[in-house]
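*Asks:* I need the structure of the sequence given here:
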Amino acid sequence: MSESLHVDSEHGVLRITIDRQARMNAIDLATMAELAEAITAAATEPTTRVIVLTGAGKAFCTGADLAAAAAAGGNEATPELVMDTANSVIRAIVDSPLPVIAQVNGPAAGVGASIALAADLIYAADDTYLLLPFTSIGLMPDGGATAMVAAAMGRARAAEMALLGARLPAGEAAAAGLITGSVPAADLTEHVDTVAAKLATGPRRALELTKAAINAATLSELDGALAREKHGQTELLTSADFLEGMTAMLTRRAPNFAGAPRPIADPA
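*Replies:* Residues are numbered from 1 along each chain as shown. Model prediction:
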């Protein structure tokens, strides 16, 4: 693992920590790829029974590292590769036979929110929030968020969160059923450790089949969502509106979106 990702294993619990604190744990392409690999590899370890995902410092993950992409001249990777890599993280979490807990210790935004929401159990500090800010920079939600948010709290709330890009405090997210629980920040690690320890001593095959059954019943649209998001985001990542949105964000000014809407064929 690189310095951006820490993996620690103890008593059957694999804890994966995103550590890019200088960027509020905004995640670059290499770290996303490593994260997917670490989650996938965990299932092959017979002593690993549960995975905990969290962030170092003050944030869980604040999305894709747009500053790094801008510094690379926008040529860090093709839009298709960016989307495939992000989708591989979501698929790794959902498809893992192991229970995955998201310990949301700070803001979870953009694809960081999607990563958290893909987990089976999501516990957030009561003083933090989730955010889908994509439209504010000329993009659409990705990482399966268009399916997972609607599956958890309904179409109307999902549309509000995705279209308006407003922060959703942890307490409201828990009340709406989007996350498992909102926990006092000082108690979050202890709470997650207790839950993880219980899962680590549980019946592995029964937990695996239970997870698979729940996901099959509630996330049947995930594959279609990932495909639609890749199709739409690939276009948007090369649009004038995204260039304007990213420039405005990096220079701390309000964006001026002038791009004309264009119909997009649905691949599904």
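
*Asks:* who are the neighbours in contact with residue 166?
*Replies:* Under the criterion of CB atoms under 8 Å, 6 or more residues apart in numbering, the neighbours of residue 166 are 131, 160. Where C-beta positions appear, they are placed from N, C-alpha and C, glycine not excepted.

*Asks:* Could you check how far it is from residue 133?
*Replies:* 9 Å (CB to CB, to the nearest Å).

*Asks:* quick one, helices of the stretch 151-268 of the chain?
*Replies:* With DSSP state H, counting those that start in this stretch, the ranges of helices along the stretch 151-268 of the chain come out as 155-164, 170-175, 188-200, 204-218, 222-236, 240-250.

*Asks:* element containing residue 52, please.
*Replies:* Per DSSP states H and E, residue 52 falls inside strand 50-55.

*Asks:* Tell me which strands that strand pairs with, and in which orientation.
*Replies:* strand 13-18 (parallel), strand 100-104 (parallel) (DSSP bridges).

*Asks:* Turn those into CSV, columns for distance to residue 25 and mean pLDDT.
*Replies:* Listed next are the strands paired with strand 50-55 as CSV, based on distance: least, CB to CB, whole Å; pLDDT from 0 to 100:
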stretch, distance to residue 25, mean pLDDT
strand 13-18, 5, 98
strand 100-104, 11, 98
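
*Asks:* most packed of the ones you listed?
*Replies:* Per-stretch averages of neighbours, counted by mean count of other CB atoms under 10 Å, single out strand 100-104 among these, with a mean of 27.

*Asks:* What are the contacting residues of it?
*Replies:* Taking CB under 8 Å, 6+ apart as the rule, strand 100-104 contacts 39, 50-54, 60, 93, 108, 115-125, 128, 130, 170, 179, 188-189, 192, 195-196, 199.

*Asks:* if I pick the nearest residue to residue 202 once chain neighbours are set aside, what's in contact with it?
*Replies:* Once flanking residues are discounted, residue 202 sits nearest to residue 49: 7.4 Å by CB to CB, 6 or more residues apart in numbering. Counting by CB under 8 Å, 6+ apart, residue 49 touches 12, 13, 98, 99, 199, 200, 201, 202, 204.

*Asks:* Now restrict the residues you listed to buried residues only.
*Replies:* With neighbours counted by 16 or more other CB atoms under 10 Å, those contain buried members at 12, 13, 98, 99, 199, 200, 204.

*Asks:* could you redo the strands paired with strand 50-55 as JSON lines and give each row distance to residue 253?
*Replies:* Putting the strands paired with strand 50-55 into JSON lines (distance: least, CB to CB, whole Å) gives the following:
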{"stretch": "strand 13-18", "distance to residue 253": "29"}
{"stretch": "strand 100-104", "distance to residue 253": "30"}
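
*Asks:* Farthest-apart pair in the buried ones among the contacts of residue 49, please.
*Replies:* Spatial extent of these (CB to CB) is set by the pair 13 and 204 at 13.1 Å.

*Asks:* Quick test: name the residue nearest the centre of this structure.
*Replies:* Nearest to the geometric centre of the chain sits residue 115, at 2.0 Å (CA atoms, centre = their mean).

*Asks:* on contacts alone, who are the packing partners of the longest helix out of those in the chain?
*Replies:* Criterion DSSP state H: the longest helix present in the chain is helix 79-95. On a contact count with 3 or more CB pairs under 8 Å, 6 or more residues apart in numbering; DSSP states H and E, helix 79-95 meets helix 29-42, helix 111-118, helix 222-236.

*Asks:* residues in contact with the second one?
*Replies:* Judged by CB under 8 Å, 6+ apart, the contacts made with helix 111-118 from elsewhere in the structure are 25-27, 32, 35, 53, 55, 59-64, 86, 89-90, 93-94, 100, 102, 104, 108, 122, 124, 130-132, 141-145, 148-149, 152, 178-179.

*Asks:* CA-only coordinates of it in PDB, if you can.
*Replies:* Taking Å, rounded to 0.1, in the frame of the first residue of the first chain, the C-alpha atoms of helix 111-118 are listed here in PDB:
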ATOM      1  CA  VAL A 111     -17.400   9.800  -4.700                       C
ATOM      2  CA  GLY A 112     -16.400   9.700  -1.000                       C
ATOM      3  CA  ALA A 113     -20.100   9.700  -0.100                       C
ATOM      4  CA  SER A 114     -20.700   6.900  -2.700                       C
ATOM      5  CA  ILE A 115     -18.000   4.800  -1.100                       C
ATOM      6  CA  ALA A 116     -19.500   5.200   2.300                       C
ATOM      7  CA  LEU A 117     -23.000   4.400   1.100                       C
ATOM      8  CA  ALA A 118     -21.900   1.300  -0.600                       C
END
